[in-house]
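[1] pasting the structure only:
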């Protein structure tokens, strides 16, 4: 399979070096796509690419901060140079800011925390999606999938206001983009995970207690894992999801039921 194969789809997953992002990249590669893994830590990105490529999949890594417009431009220059196309974008890059292992209350949140959360979680998705649109329009097909959160849809007591606001912004952004991009065969959707067992979730203060509280309030009596999210993203990225756009898919085990 050559880099400029005209038929094999190409997917970009931001924040793909670990956790949910890596699981998504791994699943899309298993689905037969060539995958671009983005992250900010070179060694972690390199290792993630090595693992996926070791399974025979086409994969490259691009180190870039998605909140930086110039860095995103350079990332897309690389994608165009390597593949000449882009079919799927998964806006997964995100951060949950903490002080002493805890999500700060509004009155205790430094302004720079707010700015950084909005920049990475929301502005990053805008910059990446905007850059992807011309490539998708060129062949009248595309999938843009953004990772929101249950914190955007309800008060959980687990997340900060800056995290919730940035993830809620993704929902509004995605709905507008779905309306604008639909005529070009591009669907735009959000997935909204609940408690997922990842290394990042384990770093929160009292992580085990919070996890048990979640389990106690969830009909399925368990937390999710990254593959649960990857399976939904895989479907939304496929031809089978061609009539789904502007949607929010909750992956919470029933913790949140709108």
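    Looks like it came in fine. Model, not experiment: these values are computed from the prediction. Numbering: from 1, shown residues only.

[2] what helix or strand is residue 235 on?
    With elements taken from DSSP states H and E, the one containing residue 235 is helix 226-236.

[3] Same check on residue 94?
    For residue 94, no secondary-structure element claims it when assigned by DSSP H and E, so it is in no helix or strand.

[4] Wait, it touches residue 123, no?
    No: applying CB atoms under 8 Å, one finds residue 94 not in contact with residue 123, separated by 11.5 Å. Bear in mind the C-beta positions are built from the backbone N, C-alpha and C, glycine included.

[5] Can you tell me the SS state at residue 255?
    Going by DSSP: H, G, I helix; E, B strand; the rest coil, the secondary structure assigned to residue 255 is coil.

[6] coming back round to it: neighbouring strands - and their directions - for whichever helix or strand comes after the helix holding residue 235?
    Beyond helix 226-236 in the direction of the C-terminus, DSSP H and E gives the next helix or strand as strand 248-251. Each strand that strand 248-251 pairs with, and the sense of that pairing, follows from DSSP bridges: strand 186-193 (parallel).

[7] circling back to that earlier point, what about residue 94 and residue 123, which has more around it?
    When residue 94 and residue 123 are compared for neighbours, residue 94 comes out ahead with 25 against 20, by other CB atoms under 10 Å.

[8] all helices for the stretch 101-250 of the chain, in order.
    Taking DSSP state H, counting those that start in this stretch as the test, the helices found in the stretch 101-250 of the chain are 111-118, 124-137, 161-181, 207-216, 226-236.

[9] Which strands or helices does the third one pack on?
    If you count contacts as 3 or more CB pairs under 8 Å, 6 or more residues apart in numbering; DSSP states H and E, helix 161-181 packs onto helix 111-118, helix 124-137, strand 142-147, strand 186-193.

[10] buried residues in that helix?
    Judged by neighbour count using 16 or more other CB atoms under 10 Å, the buried positions of helix 161-181 are 161-171, 173-175, 177-178, 181.

[11] Same check on the second one?
    By 16+ other CB under 10 Å, the buried positions in helix 124-137 come out as 124, 125, 126, 127, 128, 129, 131, 132, 133, 135, 136.

[12] Return the residue of the chain that is most distant from the centre.
    With distances taken as CA atoms, centre = their mean, the residue sitting farthest from the centre of the chain turns out to be residue 107, at 28.5 Å.

[13] ok, now how distant is that residue from residue 117?
    Distance of residue 107 to residue 117, given as CB to CB, to the nearest Å: 16 Å.

[14] again, but for residue 42
    Counting by CB to CB, the gap from residue 42 to residue 117 is 23 Å.

[15] Between these two, tell me which one has more neighbours.
    Here residue 42 and residue 117 are compared on neighbour count by other CB under 10 Å; more neighbours surround residue 117, at 24 against 11.

[16] out of everything not next to it in sequence, what's closest to the more buried one?
    The shortest distance from residue 117 to any residue other than its chain neighbours is 3.9 Å, reached at residue 162 (CB to CB, 6 or more residues apart in numbering).

[17] And for residue 160?
    Ranked by CB to CB, 6+ apart and with sequence neighbours excluded, the top spatial neighbour of residue 160 is residue 103, at 3.9 Å.

[18] my guess is the one you found contacts residue 96, does it?
    Yes: if you go by CB under 8 Å, residue 103 and residue 96 touch, sitting 7.0 Å apart.

[19] Tell me the buried residues in the lowest-mean-pLDDT helix or strand in the chain?
    Least confident helix or strand of the chain, by mean pLDDT, DSSP states H and E, is helix 207-216 with a mean of 81. Along helix 207-216, the positions that meet the burial threshold by neighbour count (16+ other CB under 10 Å) are 210, 211, 214.
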